[in-house]
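Peer 1: Just a sequence and a predicted model for now, questions to come.
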Amino acid sequence: MKTIHLLTAFAFLVLSTNTIAQTPVDAPTGTDTTIVPTWDLNGTAHGNPGGRDYVYNNLSWPDYLATCYVFGYNDTLFSAINGNNLVTPPTFNCSGLTNVIYDPAQSNLANGELYYTGITTYKYIAGGSYTVNTNIAVRVRITFTDGAGSPITAQYYNSVLLIPVTGDFNVNVIFESLSPAGADYAPPGVADTWTPSISLFDYLSNDPATSICTSIDPGSFYSFTVGTVVPTIGDYCEGEDIYLSGTISGANITFDWSGPNGFASLDLLDTIFASSISESGEYILEVINDFGCPNRDTTTVTVNALPNVVANANELEMCDGDTLILTGSGAVSYSWDNSVTDGIGFVPTVGGPVKYIVTGTDVNACENIDSVEVTVLELPDVVASANETVLCEGDSLILTGAGAVSYSWNNGVVDGVGFVPAGGTVKYIITGTGANACLKLDSVEVTVNTVDATVTTTDPSITANASNAIYQWLICEGDSYSVISGEIAQDFDAIANGTYAVIVEENGCIDTSECTLIVTVGIDVNSFFEDVSIFPNPVQESISITLGSLDEVSIKVYSIDGQIVYQKDNINASIHHFEFNEASGVYFLEVIHNGLKSQYKLIKE
């Protein structure tokens, strides 16, 4: 198996996020650095069990206590290792590098031995197929020794691991990875063993498209000084307290702060209460540390003005059920109390005034508040009433409202003024306006019952068309009526020629039919139409009707649903012909002479 390793170039960089930190500087003049072994594209340097040595020599090292020189590493080594590098060698690039963090549990500062630990990724064959393991434990071991090979005691100071620079010194760096269980290994690789990282890559059955990539910051020299002074918050908002702070270990340290508006303090930690915009500017901290190294550093504090937040409401006085929309202005984002969402409508409860408070936040994360008071008025207790909710056709209906000051009805109704409604059931809606101008609706349903007072006559019989009603038959006598005793059925058979009507009562309402003339009592109707015949029947296109000696005859043809589809009046011919082009079906042909009628069933093919 051929493995190819890609190694990144050095990056001479130290990052620190602590309040007081050392300042990286160039190596003292005359310093010579030797790297053993040197880098190559096969990455064998870190594959060696002994790792790599950085040897720093200078024939005239400055005195440590006088010039405050130190050397060390940040407590986080960035972009250290990746066993699944996706950049094809020999390109000097790396992908997916992991950071390693200083591990005090494994380290031995007294012996100058540092351990950094982390997790990275290897791609290898396990059980015959490739797997990508993202949980491979890795560590970087760094040891400090002097020119004679003796350990140099290190100290953890402001997130940097430091040694004093008083003469020649060596730094040894070894990259190690914990070999994974279940992988396919080439001898002498074994599982669960701390192994030089590049050696482990060679022992594993790897994807030829991947490579191992390791990188190390070769360390930095420092002049032992005060680092960046950072308040608890970089920028402040007007009215907030400014916290000036720094952290440093040791004894015999003096501090001297100075800043805008004549600010001065001899304390490392100090507070400017309720800051104003005028307290923006540069603050200087001068420090003499426990090594006797003096320095000064500055930080710029910005006090931002508060936003001019305004609370707005679409209505300050509203009626119950109305939608309230609260919006803030003068800032970037807004948060309301009472679970309100800015710009989103809701229906508040009756009462008030209620104070709604908005907190507006601007681009500087500064906040200010404002409030608006909203009153929600009660609705009038509107009640819709009718003089009757069930009426007969022709009765007068009077609708009235109560509980408000003024009223408006739909359907053109005027409150308290009677009118005659149409038949059926109608919902009448009232809008009542209270003294506070709030509106409320109510409604009442009114049913107007009608009576079917029509009749069907088959002389000399008359039938009331209304079913399941109460009937009383009458004799029409001019403008008055006489009750026919005992005639209370739906059907009435006249025993004498004359004019008849019926009183119909249904749904609690009463109406009287039109008077109907009966003329055939004692007359044989069939004898008048004994010469009438229809041919052909069934009919296809045309019909012929023989009328005999009848004159002034009317002919009507009805469909089965009662619609007249043909009519001819004043026929005096003995035979009447006409085209019949209606749809196939059953029809009824009626012959009328001198008020007498005869019906015939007609089939259309």
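Peer 2: Great, that's in hand.

Peer 1: which stretches of this protein form helices?
Peer 2: When assigned using DSSP state H, the helices of the chain occupy the ranges 44-47, 64-67, 197-203, 525-528.

Peer 1: Now the last one: average pLDDT?
Peer 2: Looking back up the chat, that one is helix 525-528. For helix 525-528, mean pLDDT rounds to 63.

Peer 1: switch to numbering from 23
Peer 2: OK, 23 is where the count begins now, so the last one is helix 547-550.

Peer 1: Now for Ala459: which residues touch it?
Peer 2: By C-beta atoms under 8 Å, 6 or more residues apart in numbering, Ala459 lies in contact with Cys341. The C-beta positions use only the backbone N, C-alpha and C, and glycine is treated the same way.

Peer 1: again, but for Ile540
Peer 2: Ile540 touches Thr479, Asp481, Pro482, Ile484, Ala516, Ala518, Asn519, Gly520, Thr521, Tyr522, counting by C-beta under 8 Å, 6+ apart.

Peer 1: Mean pLDDT lowest where, among the helices of the chain?
Peer 2: Among these, helix 86-89 carries the lowest mean pLDDT, a mean of 50.

Peer 1: one step back: give me the buried subset of the contacts of Ile540.
Peer 2: The neighbour count (16 or more other C-beta atoms under 10 Å) marks Asp481, Pro482, Ile484, Ala516, Gly520, Thr521, Tyr522 as buried among the contacts of Ile540.

Peer 1: least confident pick among the residues you listed?
Peer 2: Among the buried ones among the contacts of Ile540, Asp481 has the lowest pLDDT, at 78.

Peer 1: give the contact list for the residue lying closest to Thr397 once chain neighbours are set aside.
Peer 2: The spatially closest residue to Thr397, leaving aside those adjacent along the chain, is Gly374, at 3.7 Å (C-beta to C-beta, 6 or more residues apart in numbering). For Gly374, the contacting residues are Glu395, Val396, Thr397, Val398, by C-beta under 8 Å, 6+ apart.

Peer 1: can you pull the pLDDT of the third one?
Peer 2: Put plainly, it is Thr397. 96.

Peer 1: buried residues in stretch 425-436?
Peer 2: Buried residues in stretch 425-436 (16+ other C-beta under 10 Å): Gly425, Ala426, Tyr429, Trp431, Val435.

Peer 1: which among the buried ones among the contacts of Ile540 gets closest to Glu563?
Peer 2: Asp481 (33.6 Å; C-beta to C-beta).

Peer 1: Surely that closest one touches Asn616?
Peer 2: No - under the criterion of C-beta atoms under 8 Å, Asp481 is not in contact with Asn616, lying 11.3 Å apart.

Peer 1: domain ranges for this protein?
Peer 2: Following automatic domain parsing, one gets these domains for the chain: 45-245, 257-326, 332-399, 405-470, 477-540, 548-626.

Peer 1: Packed most tightly, which of those domains would that be?
Peer 2: Highest mean neighbour count among the domains of the chain (mean count of other C-beta atoms under 10 Å): domain 45-245, with a mean of 18.

Peer 1: Off-centre distance for that one?
Peer 2: Its chain's average C-alpha position is 49 Å from that of domain 45-245, according to C-alpha atoms, centre = their mean, to the nearest Å.

Peer 1: that older thread, now the two most distant members of the contacts of Ile540.
Peer 2: Thr479 and Ala518 (15.3 Å).

Peer 1: list the contacts for the nearest residue to Gln177 once chain neighbours are set aside?
Peer 2: Spatial nearest neighbour of Gln177, chain neighbours left out: Leu184 (5.7 Å); criterion: C-beta to C-beta, 6+ apart. Leu184 is in contact with Gln44, Val92, Phe93, Gly94, Ala176, Gln177, Tyr178, Tyr244, counting by C-beta under 8 Å, 6+ apart.

Peer 1: Can I get those in a markdown table including distance to Gly149?
Peer 2: Listed next are the contacts of Leu184 as a markdown table, based on distance: C-beta to C-beta, whole Å:
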| residue | distance to Gly149 |
| --- | --- |
| Gln44 | 50 |
| Val92 | 50 |
| Phe93 | 47 |
| Gly94 | 44 |
| Ala176 | 43 |
| Gln177 | 47 |
| Tyr178 | 43 |
| Tyr244 | 50 |
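
Peer 1: Looking at those residues, which one is closest to Gly382?
Peer 2: Nearest member of those to Gly382, counting by C-beta to C-beta, is Gln44, at 41.9 Å.

Peer 1: Contact partners for Ala406?
Peer 2: Contacts of Ala406 (C-beta under 8 Å, 6+ apart): Leu421, Gly423, Tyr450, Ile451, Ile452, Asp464, Ser465, Val466.

Peer 1: Could you rerun that using 6 Å?
Peer 2: Gly423, Ile452, Asp464, Ser465, Val466 (C-beta atoms under 6 Å, 6 or more residues apart in numbering).

Peer 1: May I ask which two of the residues you listed are separated the most?
Peer 2: Gly423 and Ser465 (10.7 Å).

Peer 1: Mind checking which of the contacts of Ala406 land in strands?
Peer 2: Gly423, Ile452, Asp464, Ser465, Val466 (DSSP state E).

Peer 1: need those in TSV with pLDDT and distance to Ser302, can you?
Peer 2: What follows is the ones in strands among the contacts of Ala406, written out as TSV (pLDDT from 0 to 100; distance: C-beta to C-beta, whole Å):
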residue	pLDDT	distance to Ser302
Gly423	95	67
Ile452	96	66
Asp464	96	64
Ser465	96	67
Val466	96	71
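
Peer 1: Out of those, flag the one nearest to Val554.
Peer 2: The nearest member of those to Val554, counting by C-beta to C-beta, is Val466 at 58.8 Å.

Peer 1: I figured the closest one hits Asn409, correct?
Peer 2: No - using C-beta atoms under 6 Å, Val466 makes no contact with Asn409, being 10.5 Å away.

Peer 1: Now Leu399: closest residue in space, sequence neighbours ignored.
Peer 2: Asn458 is the one closest to Leu399 (C-beta to C-beta, 6+ apart), at 4.7 Å.

Peer 1: Quick check: the gap between that neighbour and Val154.
Peer 2: Asn458 is 72 Å from Val154, where distance means C-beta to C-beta, to the nearest Å.
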